[in-house]
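In: next one to model:
(one chain, ligands or ions: 2)
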Amino acid sequence: MPLVFIIGTAGSGKSNFTAALSDWLRMNKQDVATVNLDAGALKLPYQPDIDVRNYVDATDIMERYGLGPNGAAVMAADLIADECTNLARDVEEAHADLTIVDTPGQMELFAFRAAGPYIVNELTKEQKALIYLFDAVFSANPLNYVSNMFLAAAVYNRFLQPQFHLLSKIDLLPKKTVNQIIDWSKSPNALENAIEEKLEDTKRLFSRNMLKVIAKLGIQFPLTPVSSKTNEGLIATNSILERILMQGEKYTT
Ligand SMILES: Nc1nc2c(ncn2[C@@H]2O[C@H](COP(=O)(O)OP(=O)(O)OP(=O)(O)O)[C@@H](O)[C@H]2O)c(=O)[nH]1
Ligand SMILES: [Mg+2]
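Out: Ligands and ions are numbered 1, 2, ... in the order given. Take a look at the predicted model:
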C-alpha cells in the first residue's frame, strides 16, 4: 500500500491536485484513498477517506487555547504527530492500492517542524514518495524559480524520500511560458540565460549566485507540467509514480 505525499508552498495547488489525481485514478479503475493532513482546512475540493480533523481541529484549538489562526496552525501541526498511530491505522484499514496524502496549507508547518518527517516515516512502512509542486504563476519569474528550487532542495533534505517535481496550474499561463519554465528545469544554461535577460542589479547577481550553488550541489529538478483544471499531465504523473513506487508495475494486480 504505497503512499504519496503532496507538498508545496501555500496555495500551490496541493488540495486540488489531490482531488484531480484521485478522481482520475478512480476513473481508471484504481483503488485510491485520500488523506487530509490539514487540520485547518475549512473546505476541501475532495472528500477525504482519512481526515486529520477527526482528531485535531485548528478552530477548536483556537478557542480552547485562545490562539490566533497562525498559533493554532503551529500547535495543530505538532499535535498531528500524537495522532500518527490512529492515522496509520485508518490508512491500513482503507486497504487502498495507493494512498494520496494532502499536506497542511503552509508548507513550513509540515516540512520544517519535527512532526512532518515523523509522520512521513511512521504513517506507513511501505513504499512512499513525495511530490513537490512548483506553482507555475509564481515560478514564471527566474528569481522565484530559483528560490523554489532551494525550497524543494530543503524539503528533500528534511524527508530524504524519493521526490519528484511538478509544475502546477499550467492552464493559467500561455503555453510558451510553460515551455520556457520546463526548459529551465532541464537546462541550467537556459535558466542562466533567463536570469541574465530578465533580471537586473541585485536580483540578477543574487539569482546567478544561487544558481551556482545549486550547480555545486548537483541538484536538478526536471518538472512535469500539470493542471488540476484540465487534467493535463496526470498520465505522465502516474507513470512517474508507478516507476518510483511500483518499479513500473500497476498498483492493482
Ligand atoms: N487555474 C487553476 N487553478 C488552480 C489549480 N490548482 C489549484 N488552483 C487554484 O489555486 C488556489 C489554491 O489551490 P489549493 O488546491 O487549495 O492549493 P493548496 O496548496 O492546497 O492551498 P493551501 O492548502 O490553502 O495552502 C485555489 O483557488 C484553486 O482553485 C489549477 O490547476 N488550475
Ligand atoms: Mg490545501
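In: residue contacts, the residue in the stretch 101-250 of the chain positioned nearest to ligand 2?
Out: Here the stretch 101-250 of the chain gets closest to ligand 2 at one residue, Gly105, 4.9 Å apart by Cβ to the ion. For the C-beta atoms, the positions are set from N, CA and C on the backbone; glycine is no exception. Gly105 makes contact with Ala10, Gly11, Lys14, Asp38, Gly40, Ala41, Ala73 under the criterion Cβ atoms under 8 Å, 6 or more residues apart in numbering.
In: wait, isn't the third one in contact with Gly8?
Out: This means Lys14. Yes. The pair Lys14 / Gly8 is scored as a contact, 5.4 Å apart, by Cβ atoms under 8 Å.
In: and Leu245, what does it touch?
Out: So Leu245 contacts Pro2, Val4, Leu98, Gln127, Lys128, Ala129, Tyr251 (Cβ under 8 Å, 6+ apart).
In: which one is it nearest to, not counting chain neighbours?
Out: In space, Leu245 comes closest to Pro2 once its chain neighbours are excluded; the distance is 4.0 Å by Cβ to Cβ, 6 or more residues apart in numbering.
In: for this structure, just list every one of the strands.
Out: Here the chain has its strands, by DSSP state E, at 3-8, 32-36, 50-51, 98-102, 128-135, 163-168, 223-225.
In: redo those as CSV? Include mean pLDDT and distance to Phe112.
Out: Formatted as CSV, the strands of the chain follow (pLDDT from 0 to 100; distance: least, Cβ to Cβ, whole Å):
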stretch, mean pLDDT, distance to Phe112
strand 3-8, 98, 11
strand 32-36, 98, 20
strand 50-51, 98, 23
strand 98-102, 97, 17
strand 128-135, 98, 14
strand 163-168, 97, 16
strand 223-225, 98, 23
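In: reformat the ones you listed as TSV; add mean neighbour count and distance to ligand 2.
Out: Formatted as TSV, the strands of the chain follow (neighbours: other Cβ atoms under 10 Å; distance: least, Cβ to the ion, whole Å):
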stretch	mean neighbour count	distance to ligand 2
strand 3-8	25	9
strand 32-36	23	8
strand 50-51	21	13
strand 98-102	26	6
strand 128-135	24	11
strand 163-168	24	12
strand 223-225	23	20
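In: could those go into a markdown table alongside distance to ligand 1?
Out: A markdown table is the format used below for the strands of the chain (distance: least, Cβ to the nearest ligand atom, whole Å):
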| stretch | distance to ligand 1 |
| --- | --- |
| strand 3-8 | 6 |
| strand 32-36 | 10 |
| strand 50-51 | 14 |
| strand 98-102 | 7 |
| strand 128-135 | 7 |
| strand 163-168 | 6 |
| strand 223-225 | 10 |
